[in-house]
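1. Give me the fold of what follows.
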Amino acid sequence: MDDMSIGGEPLDQALRELDMINAKLGGYSTSLQGIRILAQHLPQTETLTILDVGSGGGDLVNIVSSIRANTKMTALDLNQNACEYAAREHPSLHVVQGSVLALPFRDRSFDIVHASLFLHHFTESQLNEILQSLSAVARYGIVINDLRRSVFAYIGITLLTRLFSRSNMVKHDGPLSVSKGFTKKELQQLCSTLSSVSISIRRRWAFRWLVCIKKIS
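-> Numbers count the residues shown, from 1 in each chain. Have a look, this model is predicted:
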């Protein structure tokens, strides 16, 4: 998924399978819990604005809108082909092609910033820069949904993708992503670079981390 030149049916197939994986293996439920935690003090009558970075196919918009009607979501992805897929599949979604390393948004533009299965693609130095930028554009906080590095998770995703996936991208990237996942100590160290925040880090099924970073006014 790091190859920005990939498009057409190979990318579409991978994005469809990632949607299924997130639905079946706790991805969407983890993101929804984090969003609920950070948005719990906002009245349902108010519009909730969310920036989804590394959004891929943009499928999260359907999941969030099913529990909160007044939601305006912006999807950011570097891959133009993924952006075109997301805009085509989700007309209500505001899709922006751009880099998380140079966010094209003003400070405090969104209530919540969300990053799912995305941050493990970056180096430690890049992650520190990215987290500072995400915090700047968020009014209330950041939801991180990412993988817990584990031998069992690696074996499990390898077997599942070999048995059920029709996408070569998913078969390759699934195990690779797990090997690049985080330990709790690594997430704690990463989040410690932020000031004026409260942080919770929770284990979620299956082999996921839910990190809620709430900004303290």
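
2. following the longest strand along the chain, which helix or strand shows up next?
-> Ranked by residue count under DSSP state E, the longest strand found in the chain is strand 138-147. Using DSSP states H and E, the next helix or strand after strand 138-147 towards the C-terminus is helix 151-164.

3. picking that back up, counting contacts, what elements does the longest strand of the chain pack onto?
-> With contacts defined as 3 or more Cβ pairs under 8 Å, 6 or more residues apart in numbering; DSSP states H and E, strand 138-147 has these neighbours: helix 27-39, strand 110-116, helix 124-137, strand 208-215. Placement of C-beta: from N, CA and C, glycine included.

4. Of all the ones you listed, which one is nearest C83?
-> Among the helices and strands packed on strand 138-147, the nearest to C83 by Cβ to Cβ is strand 110-116 (16.5 Å).

5. Pull up the pairing partners for the longest strand of the chain, direction included.
-> strand 110-116 (parallel), strand 208-215 (antiparallel) (DSSP bridges).

6. Make JSON lines from the ones you listed and add mean neighbour count and mean pLDDT to it.
-> Supplementary listing: these in JSON lines, determined by neighbours: other Cβ atoms under 10 Å; pLDDT from 0 to 100:
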{"stretch": "strand 110-116", "mean neighbour count": "25", "mean pLDDT": "98"}
{"stretch": "strand 208-215", "mean neighbour count": "21", "mean pLDDT": "97"}
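
7. May I see the ones you listed organised as a markdown table, with distance to L176 added?
-> Formatted as a markdown table, the strands paired with strand 138-147 follow (distance: least, Cβ to Cβ, whole Å):
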| stretch | distance to L176 |
| --- | --- |
| strand 110-116 | 16 |
| strand 208-215 | 17 |
